[in-house]
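Peer 1: give me the fold of what follows.
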Amino acid sequence: MTSTQPAVLPWEGHPRGSSQYRRLVLALLFAGIATFAQLYSVQGILPLIAADLDITPSQSSLTVGLGTVGVAVSVIPWSVAADRIGRVRAMTISILTATTLGLLLPLAPSFEVLLAVRFLEGAAMGGLPAIAMAYLSEEVNRNHTAVAAATYVSGTTLGGLLGRIVAGPVAEYTNWRIGTLTVSMIAALAAALFVWLAPKPRTALVHSEIRELPGRLWVNLREPGMAALYGQAFLLMGGFVAIYNFLGFRLEAVPFGLPQSLISMIFVAYLSGTASSRIAGKLATKHGRSVVLAGSTATMIAGVALTMAANLAVILIGLVVLTMGFFAAHAIASGWTGQRAVHGRAQATSLYNLFYYGGSSVVGWIGGVVFQTLGWNALALFVIALAVTSGVWAMCLKDRLAQPVSVGLSRSR
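Peer 2: Numbering: from 1, shown residues only. The predicted structure follows:
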């Protein structure tokens, strides 16, 4: 009599509620904190850096700009490295290297050395945004990737907030070097928690050759649905950064005349993004990503419109609303990118981050030109136009977005 062996079903990823799922999302939460706390720690203390190093405000802003440039140029190389050595190993190297450079940053003897370290620090940080969504998409059950991705985005928003609000007060009572060191020490603790918690990948690693990279990039760039998601990253992030970059200038001028200490508190609005990104993930599970992405973009538009008011309370409410809308949209679009990708998943998510940080640099700068030339209302209308464009783009391709990328190629992790 022949016994029948039960069929072995393919592994479909960690289900929500399992211990490994919890470890994975917590690991990415701490990774987001470690990375983005360091990336933005200098933004709230630029005047102190300028005074200490005897440089102009525009020169001091390069400490932020070169950090994000480092991230942008490194995401694709990091995605290649992840395909060779594994997702978790690459993220571990990325986070530990960035944290080490962050601890060395306060020792920079000159402005030039400071900029060099910031660029290298950003390049090291690029490993997390380049790989996190690919790792998550491969290791979490596809029915729960939206919620898991939203948790990771919550960590990035929390990290960005911590970097700004911790460095500022500490630096005010000591100096900018102690302020950034404090943030880097917090980041080191978060990095250690990531290394301890991150589950070993169960998805088989497929080695890819460097010569395959152009094809992997082109497969995702040419597909209309993926291009729509990259457009969300470029346009929405660019508009979001433009608002935060220049709202402080408006609030310190007549008729508001707020002191810098109060203006710096506007970054607390990031907490609304931490909450909204998780809410968006849960809503996407129930109602679909396309609907939630459209609603999030509309929320962002409403928030930007409120900042055109002459009343300070209305402006601050608008800031909270647009922050909620932006991070909800980002959580959906970034998670969707990893879920849709079939060929070159790590490269697909790296392209998303390339456009994301590219929008921050390019559109953020253009927004400054608009503000300086035409004023705040013109900047707000400019950002609204960007958001409307991204929303229409996504809605026109919602049917394509609902389907995985299909290019006639075998699935590759």
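Peer 1: contacting residues for residue 328?
Peer 2: Going by Cβ atoms under 8 Å, 6 or more residues apart in numbering, residue 328 touches 273, 276-277, 279-280, 292, 295-296, 299. For glycine as for every other residue, the C-beta is placed from the backbone atoms N, C-alpha and C.
Peer 1: equivalent analysis for residue 339, please.
Peer 2: So residue 339 contacts 137, 142, 145-146, 404 (Cβ under 8 Å, 6+ apart).
Peer 1: including secondary structure and neighbour count, could those go into CSV?
Peer 2: Shown next, in CSV, are the contacts of residue 339 (DSSP: H, G, I helix; E, B strand; the rest coil; neighbours: other Cβ atoms under 10 Å):
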residue, secondary structure, neighbour count
137, helix, 26
142, helix, 11
145, helix, 24
146, helix, 25
404, coil, 12
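Peer 1: most widely separated two among those?
Peer 2: 146 and 404 (14.9 Å; Cβ to Cβ).
Peer 1: any chance of the contacts of residue 328 in a markdown table, with secondary structure too?
Peer 2: Below are the contacts of residue 328 laid out as a markdown table (DSSP: H, G, I helix; E, B strand; the rest coil):
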| residue | secondary structure |
| --- | --- |
| 273 | helix |
| 276 | helix |
| 277 | helix |
| 279 | helix |
| 280 | helix |
| 292 | helix |
| 295 | helix |
| 296 | helix |
| 299 | helix |
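Peer 1: coming back round to it: of the contacts of residue 339, closest to residue 157?
Peer 2: Checking those against residue 157 by Cβ to Cβ gives residue 146 as the nearest, at 16.4 Å.
Peer 1: what comes up buried for the helix or strand where residue 20 lies?
Peer 2: Per DSSP states H and E: residue 20 is located in helix 19-39. Within helix 19-39, the residues that qualify as buried are 21, 24-39, counting by 16 or more other Cβ atoms under 10 Å.
Peer 1: leaving out sequence neighbours, find the closest residue to residue 144.
Peer 2: Nearest residue to residue 144 in three dimensions, chain neighbours excluded: residue 16, at 4.1 Å (Cβ to Cβ, 6 or more residues apart in numbering).
Peer 1: next, the one you found: secondary structure please.
Peer 2: Per three-state DSSP, residue 16 ends up coil.
Peer 1: just checking, it touches residue 147?
Peer 2: Yes. Using Cβ atoms under 8 Å, residue 16 makes contact with residue 147 at a distance of 6.6 Å.
Peer 1: more crowded one of these two?
Peer 2: residue 147 (21 against 16; other Cβ atoms under 10 Å).
Peer 1: could you check how far that one is from residue 41?
Peer 2: For residue 147, the distance to residue 41 equals 29 Å [Cβ to Cβ, to the nearest Å].
Peer 1: for residue 321, same thing?
Peer 2: Going from residue 321 to residue 41 by Cβ to Cβ gives 26 Å.
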